[in-house]
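J.: Okay, predicted coordinates and the sequence, questions at the end:
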There are 4 protein chains.
Amino acid sequence: MSHAAAPLTARGQRTRAQLVAAAASVFARKGYGETSVNDIADAAAVAHGTFYRYFDSKEQIFREVASDLQHRMIAARFDDEPTPEFSDPNEEMVWRIARANLVFLRSYRDNADLIAVIEQAVLFSDELREIRRLARAAFVDRAQRAIERMQARGIAYNDVDPHYAAHALGAMVDRFAYVTFVLGDAFEIEEAARTLGLLWARALGIDAPEGFPIQRLSDALT
Amino acid sequence: MSHAAAPLTARGQRTRAQLVAAAASVFARKGYGETSVNDIADAAAVAHGTFYRYFDSKEQIFREVASDLQHRMIAARFDDEPTPEFSDPNEEMVWRIARANLVFLRSYRDNADLIAVIEQAVLFSDELREIRRLARAAFVDRAQRAIERMQARGIAYNDVDPHYAAHALGAMVDRFAYVTFVLGDAFEIEEAARTLGLLWARALGIDAPEGFPIQRLSDALT
Amino acid sequence: MSHAAAPLTARGQRTRAQLVAAAASVFARKGYGETSVNDIADAAAVAHGTFYRYFDSKEQIFREVASDLQHRMIAARFDDEPTPEFSDPNEEMVWRIARANLVFLRSYRDNADLIAVIEQAVLFSDELREIRRLARAAFVDRAQRAIERMQARGIAYNDVDPHYAAHALGAMVDRFAYVTFVLGDAFEIEEAARTLGLLWARALGIDAPEGFPIQRLSDALT
Amino acid sequence: MSHAAAPLTARGQRTRAQLVAAAASVFARKGYGETSVNDIADAAAVAHGTFYRYFDSKEQIFREVASDLQHRMIAARFDDEPTPEFSDPNEEMVWRIARANLVFLRSYRDNADLIAVIEQAVLFSDELREIRRLARAAFVDRAQRAIERMQARGIAYNDVDPHYAAHALGAMVDRFAYVTFVLGDAFEIEEAARTLGLLWARALGIDAPEGFPIQRLSDALT
DNA sequence: GATGAATGAGGCTTCATTCAT
DNA sequence: TATGAATGAAGCCTCATTCAT
């Protein structure tokens, strides 16, 4: 807070950005607890004290790093690509779901180390927990509204609460990504996106008969 | 060096057990990083130095605490209750799934604080990660085999890989519990078990028509 | 290196004066040790680095602030008001002494915070100690000469060394002011001046019989 | 506070005492601000961390050192020596006052360095200021009661408030000692005690004619 | 003249671990 | 077996001072 207000010169902004980038890298590599302010300053190639010109504490820079990542993750998840033409609307829906999953899995994979550290830190920072909750909510709310629309149109079963269902299915993808990219279980990413898409769609009651072709999915995103 | 092998007197065993119990309590309350050996010794009402007669390090006692919990969680998940009679086999299947979820959610809830800490610690201990992986595998393997049986009997769709599917659905329940009990999002536990059960069954293709009654579930488990 | 000699532009003089004023205020409020160069620069509304264009160190500006105050204190102590007419020369003498005390107590009160800080700093700066010694000497010498005159005229006892006595009585007033205005013991300022005046006069042997009226003192100084 | 309750073994008590002694010595030599915990630990010949087993902070050990000294000073001031026989009661009174001053000056001299540091620190520690106030009060109250008795018996003038007078005269001695032993002005200690005694007595109105012999004072105390 | 960025020495404190009793 | 004293590495943070613009 003491530093938030200071308008910075170009040089100052550069140094600050170096620190943030360095912090992201070091946090991802060593985790929150094992990272010292010294490590960050070293990685940014500035003197120890310089760190404190821009941040009050290790926790503060971590919040910034975490917040940045959340925003990038949300942006990635919402950044729609053009949808190819489908004759069958259900097919299109499954395609959309699977594609969203693929996008998410890819951006998760690209940031897995840092995500893992944030996941860890969420437990001892209320502020971070709130940031994380908002990021989750942004995604879950969207899914929830989609489910509500499908229920209204009779495409999805009406006997599940859209809020619960959206949370559960979001949790499925989220945790699958965690297990895959953080804990290192071996899954193939396109196959995972296809499977998650089918499970998700069918769980809601969307008619997605066996043998559904998901091939065009990866084609479209390569 | 390693204290594991030393045979202990009755008094020694008592002291050791005190330490483990105290550690579980303190870790749950303060997290791994914030817990000091001093805290544990204090909580166990033994002198600081006594700790090191029984454990080589803070990490070692944590592994023991974590391992204990995993075993209890696995045991809870597998500890089958008698199944009521069902005329419809699909209904029975959904009932089994939902009940398993309920059992899991309840044992998760009862240990949420400690689970959270373990989840955290998994990231900086290979050994802990392995313990966690095994616990997950025990559950996922079982689910996988169940899916394989259902696929073989034509109850479940054959176009998803049972391994992927089992992982994904396990992840769904796991993460849902985490969000609910650790991060504190407000979900009602029986409703969650019912929803997760339906999503799980339908995702695989099990015919679970709308309005499926799950009432008997909570009856059976109260 | 030394900035004292540099001739300054009008703007420079203004900045320098701002720094000195700001320093006096901050030192008074926070003490020497707790005041940082940053605090001073902030209070003067100049950039951090600007400070070092005018002063070599925190100690240097403090010496200037302290020295300024000493000079003002000395000036106040010597700045004679017109003496009212007295028929009794002893009465006049007590009046003079009491009035000098009152003047001193008042100027002490008005600068108590800063005086306190200087008192503190005297201990770790030889230069400051010397300034302080000179200020004290200016006052003590005057008192000493007055005592010598009174002894010569047979008004005061001759069996005390004027130097010792002047020091002791000066110390009395000085320390009384410190206890009152710095440490915060509750004394009423006019009553204190009256008491100190009587004690001072009688200590030297000046005939100041009981019930000496000091009323005109406060009248004259209001 | 965290350490106050711990009962210490003999070895622990030894170490603690070493630290206190070392601290007194270092504080006296370097002042409060310039003394680091490291300095104290070094002087006590213990490891840095050992300090924190016994004290929470530099401030805490300083309070203990200061408090110890105050108690010793008070004890010295009150520790009465046998009074020689006097034919003249006024002479005896002056003798008592002068002797008290001499005792005080001597114990001040023996601890001047540390007293100076405490005087300094009083300004930024409320707790210390309170300790100091109590020590002063103990002395002033005694003097005040003595003055009241003398006024009642008609030995002292009744037109000064005993509380003000006691404070003022106490301040005189206190500050004289400070100037002499801390700031280093050159005064001879027995002569100072004699002068202070005469000034004190005469200030109150005690009849102490010129040429009062104080010789027996130093004889009695050597 | 003024700015604010950068430096790095130095202080405080914690705590996992070892040791003497 | 238990105790609690001792250790010292390691981390966080401040701030007087210098430097480039």
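T.: Happy to help now that I have it.
J.: Briefly note if the lengthiest helix in chain A comes near chain B.
T.: In chain A, assigned by DSSP state H, the helix with the most residues is helix A:126-152. Yes - counting by C-beta under 8 Å from any C-beta of the partner chain, chain B is contacted by helix A:126-152 at A:Arg129, A:Arg132, A:Arg133, A:Arg136. From N, CA and C alone the C-beta is placed, and that goes for glycine too.
J.: Which element, helix or strand, includes A:Leu102?
T.: When elements are assigned from DSSP states H and E, A:Leu102 belongs to helix A:89-110.
J.: other SSEs contacting that helix?
T.: Counting contacts by 3 or more C-beta pairs under 8 Å, 6 or more residues apart in numbering or on different chains; DSSP states H and E, helix A:89-110 packs against helix A:58-78, helix A:162-177, helix A:189-204, helix A:215-221.
J.: and that helix, what's its mean pLDDT?
T.: Taken as a whole, helix A:89-110 has an average pLDDT of 89.
J.: Extract the CA atoms of that helix and return them as CSV.
T.: Output of helix A:89-110 as CSV, limited to C-alpha atoms (Å, rounded to 0.1, in the frame of the first residue of the first chain):
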residue,chain,number,x,y,z
PRO,A,89,-26.7,-28.4,-32.1
ASN,A,90,-25.9,-31.0,-29.5
GLU,A,91,-22.7,-31.8,-31.3
GLU,A,92,-21.9,-28.1,-31.3
MET,A,93,-22.5,-27.9,-27.6
VAL,A,94,-20.2,-30.7,-26.8
TRP,A,95,-17.7,-29.2,-29.0
ARG,A,96,-17.9,-25.9,-27.2
ILE,A,97,-17.5,-27.6,-23.8
ALA,A,98,-14.6,-29.8,-24.9
ARG,A,99,-12.9,-26.8,-26.5
ALA,A,100,-13.2,-24.7,-23.4
ASN,A,101,-11.7,-27.6,-21.4
LEU,A,102,-8.9,-27.8,-23.9
VAL,A,103,-8.2,-24.1,-23.7
PHE,A,104,-8.2,-24.3,-19.9
LEU,A,105,-6.0,-27.4,-19.8
ARG,A,106,-3.5,-25.7,-22.0
SER,A,107,-3.3,-22.5,-20.1
TYR,A,108,-3.1,-24.6,-16.9
ARG,A,109,-0.3,-26.6,-18.3
ASP,A,110,1.7,-23.5,-19.3
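J.: List the buried residues of that helix.
T.: By 16 or more other C-beta atoms under 10 Å in any protein chain shown, the buried positions in helix A:89-110 come out as A:91, A:93-108.
J.: The residue nearest to A:Ala28 when sequence neighbours are not counted in helix, strand or coil?
T.: What sits nearest to A:Ala28 in space, not counting adjacent residues and going by C-beta to C-beta, 6 or more residues apart in numbering or on different chains, is A:Asp113, at 3.7 Å. Three-state call for A:Asp113 (DSSP: H, G, I helix; E, B strand; the rest coil): helix.
J.: contacting residues around A:Gly31?
T.: A:Val117, A:Gln120, B:Leu123, B:Phe124 (C-beta atoms under 8 Å, 6 or more residues apart in numbering or on different chains).
J.: ok, back up a step: pipe the helices and strands packed on helix A:89-110 into JSON lines and attach mean neighbour count per row.
T.: Shown next, in JSON lines, are the helices and strands packed on helix A:89-110 (neighbours: other C-beta atoms under 10 Å in any protein chain shown):
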{"stretch": "helix A:58-78", "mean neighbour count": "18"}
{"stretch": "helix A:162-177", "mean neighbour count": "24"}
{"stretch": "helix A:189-204", "mean neighbour count": "24"}
{"stretch": "helix A:215-221", "mean neighbour count": "14"}
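J.: Which among these is found nearest to C:Pro84?
T.: Smallest distance to C:Pro84 across the helices and strands packed on helix A:89-110 (C-beta to C-beta): 67.1 Å, for helix A:58-78.
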